[in-house]
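Student: Quick one, structure for this:
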Amino acid sequence: MPKVRYLALVAALVMVTSACGGDGDDDRGEARQEVASLAAQDLNPAPREGLKEGGTFVWALSAYDEQHNMWHVQGNQANVRLVTAAVLPDPTRYDAEGLHSPNTGFVLDYGVSADGLEVFYELNPDAVWSNGEPITSEDYHAQLETVSGEREGDWELGGTAGYDQVTEFVPGEDDYSFTLRFDEPYSEWPSLFSPLYPKEYMEDDELFKEGYVKDYPVTAGPFGDVEFDDVAERITIKKNEDWWGTEPLLDEIVFDAMAGDAMAGAFNNGEIDGFYLGYDAAGYELLKDREGTYFTEAVNNGQRFAALNGGSPRLEDVRVRHAVSLGLDRDALAEVALGSVDWPITGETNRLLRSSQNGYQDNSEGYGEYDPERAGELLDEAGWTLEEGERYRTNEDGETLTLDWVASDDLAIAMDEAEIGRDMLAEIGIEVKVRPVPGNALFSEYVIPGNYEVATYVLVGSNPYAGDAKENYSMPNDDGEWGNNLSRIGTEEIDAKFDEMRAETDPDRYAELANEIDRLLWEEVVSIPFFERPGLYVMNEKLHNWGEFGLASGYVYEDIGWAAE
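Tutor: The predicted structure follows:
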């Protein structure tokens with residue numbers, strides 16, 4: 001098979017583009033220029049030679065998640081990925097522009113055929129699991145069979161994530177090579193097997209569901225020996241002394257889970273070394289002039305939005321969801337979040353493409369504007385009318401249009417969004433009951449099971465590709481399970497467009513399809529995007545090679561370290 005290591009498409013998909021145009025006032029134009037000038041990533045970089053060997057990095061996380069199998073519906077969490085990336089195999093690394101290359105600790109070489117229908121892998125024979133077993137093609141085959149949905153069993157999968165595009169697994173000449181075959185090109189193939197789990201945890205549905213719950217029984221990476229401390233809500237990983245790749249600089253990393261609003265204070269007191277600041281206004285004011293502190297400024301591969309639960313009887317009608325979108329002033333909500341941390345507010349966002357990517361544009365016309373008058377008309381059409389003298393709308397059965405808005409009680413921006421959103425929606429006759437919930441329980445007890453009607457949170461890309469988001473917007477599986485689609489809204493047309501995009505080899509057409517999908521998602525009002533998340537991390541200035549990774553979608557954990565004294 002011809003070995004074309006880097007199909008031109010994959011590079012072009014993540015081509016950095018100039019600022020998107022469009023009419024608007026001078027402030028918005030200036031903000032767009034500011035966003036266009038942001039760095040692709042900001043890791044406070046330093047060569048390894050200038051960093052010391054040893055030391056501990058205390059890294060703040062926003063949740064102490066229990067499920068650490070990322071292919072399980074409860075494990076698809078950004079905080080979990082930060083841990084797995086250090087202790088489990090991943091065949092791909094991305095650079096600042098999102099261009100891929102094999103992660104040679106696990107894969108010596110890989111590539112795609114000229115016709116895009118075959119992808120070959122040559123594994124590193126030195127790679128071993130922590131139990132001493134070699135990492136072979138059997139591990140990859142087992143994960144493919146399970147995550148594609150082909151294996152019998154009760155798996156509780158979050159999504160098939162491109163595995164369903166593979167039509168055949170072809171073993172190689174030895175245990176360290178194999179080929180995947182496709183009926184049509186799959187342009188996002190570098191995202192597969194990220195991360196990889198041992199075959200025994202992919203072949204048994206009970207081990208799949210329970211094996212990595214507050215435990216990493218088997219690891220393989222520059223770090224390992226994972227310890228969970230339920231009392232302190234900390235996860236500690238230690239340098240893998242048997243690691244066959246570049247030796248990690250740090251001795252250990254401690255992931256310290258705490259409320260988002262507590263991180264700035266913990267950093268100021270020297271309890272943690274780095275954290276994602278984002279839109280924490282009080283934290284920004286506390287730390288902005290603090291000596292010895294480094295602030296990152298770069299593009300972030302995430303978007304903040306309001307999720308609407310289409311599984312709720314009150315939100316199953318798209319006209320009601322459309323009214324909610326028109327009843328929320330997204331510009332005002334963005335100002336509350338971003339204005340307080342001096343981050344540019346463009347009034348633009350896109351669910352599938354970041355502002356640094358080819359084809360990025362806003363697709364919200366008719367859905368994302370603040371238009372309470374039109375919102376009221378839509379609610380009237382949907383049968384929710386506002387009787388004279390009443391504050392809230394009712395239907396013909398006398399039921400009040402009431403929405404349950406859950407919000408993390410330990411994140412000020414989430415509570416602000418809920419309370420401001422409640423007041424905005426009251427203006428169009430929708431009653432909102434704000435329900436503060438513990439941040440650690442937001443997903444596991446409310447969003448994932450569907451015990452909510454409105455919730456605001458962030459989706460962060462695990463790679464640079466738009467198609468990876470399909471599982472967040474796809475139709476339910478044959479058993480009626482929505483998996484990682486937490487809004488429980490989808491259409492066959494959206495699914496088909498995702499499949500078309502993931503098979504597309506022309507970068508401009510790929511971006512065009514991404515925008516068509518984003519528009520369809522607006523028309524279904526699957527969610528209400530607020531803004532692209534700011535790439536604003538805070539760290540001790542002596543910590544290097546950590547911070548905002550942008551489209552690289554991860555860190556080189558071996559290179560994170562402290563400046564030499």
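
Student: in what helix or strand does the closest residue to residue 503 other than its chain neighbours lie?
Tutor: The shortest distance from residue 503 to any non-neighbouring residue, by C-beta to C-beta, 6 or more residues apart in numbering, is to residue 184 (4.6 Å). Yep, even glycine has a C-beta here, placed from its N, CA and C like the rest. Residue 184 belongs to no helix or strand when elements are defined using DSSP states H and E.

Student: Quick one: residues contacting residue 184.
Tutor: 116, 117, 165, 503 (C-beta atoms under 8 Å, 6 or more residues apart in numbering).

Student: any idea how far residue 26 is from it?
Tutor: 46 Å (C-beta to C-beta, to the nearest Å).

Student: pull the CA atoms of whatever helix or strand residue 423 lives in into CSV?
Tutor: Per DSSP H and E: residue 423 is located in helix 412-426. These are the backbone C-alpha positions of helix 412-426, laid out as CSV (Å, rounded to 0.1, in the frame of the first residue of the first chain):
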residue,chain,number,x,y,z
ALA,A,412,-19.8,32.3,39.9
ILE,A,413,-20.2,32.6,36.2
ALA,A,414,-22.6,29.6,36.1
MET,A,415,-24.7,31.2,38.8
ASP,A,416,-24.6,34.6,37.1
GLU,A,417,-25.7,33.1,33.8
ALA,A,418,-28.6,31.3,35.5
GLU,A,419,-29.8,34.3,37.4
ILE,A,420,-29.4,36.8,34.6
GLY,A,421,-31.0,34.2,32.2
ARG,A,422,-33.9,33.8,34.6
ASP,A,423,-34.6,37.6,34.5
MET,A,424,-34.3,37.7,30.7
LEU,A,425,-36.6,34.8,30.1
ALA,A,426,-39.1,36.3,32.6
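
Student: So for that helix, what gets flagged as buried?
Tutor: In terms of neighbour count (16 or more other C-beta atoms under 10 Å), helix 412-426 has its buried residues at 412, 413, 414, 415, 416, 417, 418, 421, 422, 424, 425.

Student: repeat for stretch 231-238
Tutor: Buried, per 16+ other C-beta under 10 Å, within stretch 231-238: 234, 235, 236, 237, 238.

Student: which among the residues you listed gets closest to residue 318?
Tutor: If you rank those by distance to residue 318 using C-beta to C-beta, residue 235 comes first, at 41.1 Å.

Student: Could I get the pLDDT score of the closest one?
Tutor: pLDDT for residue 235: 98.

Student: Check the secondary structure at it for me.
Tutor: strand (DSSP: H, G, I helix; E, B strand; the rest coil).

Student: Let me see the contact set for it.
Tutor: Contacts of residue 235 (C-beta under 8 Å, 6+ apart): 61, 64, 83, 226, 227, 228, 229, 254, 255, 257.

Student: With residue 31 instead?
Tutor: 344, 345, 346, 347.

Student: What distance do you get for it to residue 522?
Tutor: 22 Å.

Student: Need the residues that contact the helix holding residue 423.
Tutor: Residues contacting helix 412-426 (C-beta under 8 Å, 6+ apart): 260-261, 278-282, 306, 324, 327-329, 332-333, 336-337, 391-392, 403, 405-409, 431-434, 436, 454, 456-457, 530.

Student: Just those residues: which are in helices?
Tutor: 281, 282, 324, 327, 332, 333, 336, 337 (DSSP state H).

Student: Compare those residues and tell me which has the most neighbours.
Tutor: For the ones in helices among the contacts of helix 412-426, neighbours were counted using other C-beta atoms under 10 Å, and residue 324 has the most, 27 neighbours in all.

Student: Distance of that residue relative to residue 265?
Tutor: Residue 324 is 35 Å from residue 265, by C-beta to C-beta.

Student: swap in residue 175?
Tutor: Distance from residue 175 to residue 265, by C-beta to C-beta: 51 Å.

Student: same check, this time on residue 488
Tutor: Relative to residue 265, and taking C-beta to C-beta, residue 488 is found at 37 Å.

Student: Poorly predicted segments of the stretch 1-150 of the chain, please.
Tutor: Scanning the stretch 1-150 of the chain for pLDDT under 70 picks out 1-25.

Student: Quick one: the strands in it, in order.
Tutor: Remark: strands assigned in the stretch 1-150 of the chain by DSSP state E, counting those that start in this stretch are 56-61, 92-94, 100-102, 107-112, 118-123.

Student: so can I have TSV of the ones you listed showing distance to residue 129 and mean neighbour count?
Tutor: What follows is the strands of the stretch 1-150 of the chain, written out as TSV (distance: least, C-beta to C-beta, whole Å; neighbours: other C-beta atoms under 10 Å):
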stretch	distance to residue 129	mean neighbour count
strand 56-61	25	21
strand 92-94	19	21
strand 100-102	19	20
strand 107-112	15	21
strand 118-123	13	21
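
Student: for this protein, which spans come out with low pLDDT?
Tutor: Looking along the chain with the criterion set at pLDDT under 70, you get 1-25.

Student: From residue 533, how far off is the residue lying closest to residue 443 once chain neighbours are set aside?
Tutor: Closest residue in space to residue 443, ignoring its immediate chain neighbours: residue 77 at 6.7 Å, by C-beta to C-beta, 6+ apart. Using C-beta to C-beta, one gets 15 Å for the distance from residue 77 to residue 533.

Student: So these two - more neighbours on which side?
Tutor: A direct count of neighbours by other C-beta under 10 Å for residue 77 and residue 533 places residue 533 higher, at 25 against 21.

Student: Remind me which helix or strand that one belongs to.
Tutor: strand 527-535.

Student: Also residue 169?
Tutor: strand 166-171.

Student: Neighbouring strands - and their directions - for the helix or strand just after that strand?
Tutor: As assigned by DSSP H and E, the chain's next helix or strand after strand 166-171 is strand 177-182. On the basis of DSSP bridges, the sheet neighbours of strand 177-182 come out as strand 118-123 (antiparallel), strand 166-171 (antiparallel).

Student: can those strands go into CSV with extra columns for distance to residue 46?
Tutor: Listed next are the strands paired with strand 177-182 as CSV, based on distance: least, C-beta to C-beta, whole Å:
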stretch, distance to residue 46
strand 118-123, 31
strand 166-171, 40
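
Student: for this protein, longest strand please?
Tutor: strand 298-308 (DSSP state E).

Student: So what's the gap between it and the chain middle?
Tutor: How far strand 298-308 lies from its chain's middle: 8 Å, per C-alpha atoms, centre = their mean, to the nearest Å.

Student: That strand - contacts with which helices or strands?
Tutor: When contacts are defined as 3 or more C-beta pairs under 8 Å, 6 or more residues apart in numbering; DSSP states H and E, strand 298-308 sits against strand 454-460, strand 527-535.

Student: Quick one: the strands in the stretch 251-400 of the chain, in order.
Tutor: 252-257, 274-276, 293-295, 298-308.

Student: Show the contacting residues for the most centrally placed residue in the chain.
Tutor: With distances taken as C-alpha atoms, centre = their mean, the residue of the chain nearest its centroid is residue 460 (2.2 Å). Residue 460 is in contact with 78, 300, 301, 302, 533, counting by C-beta under 8 Å, 6+ apart.
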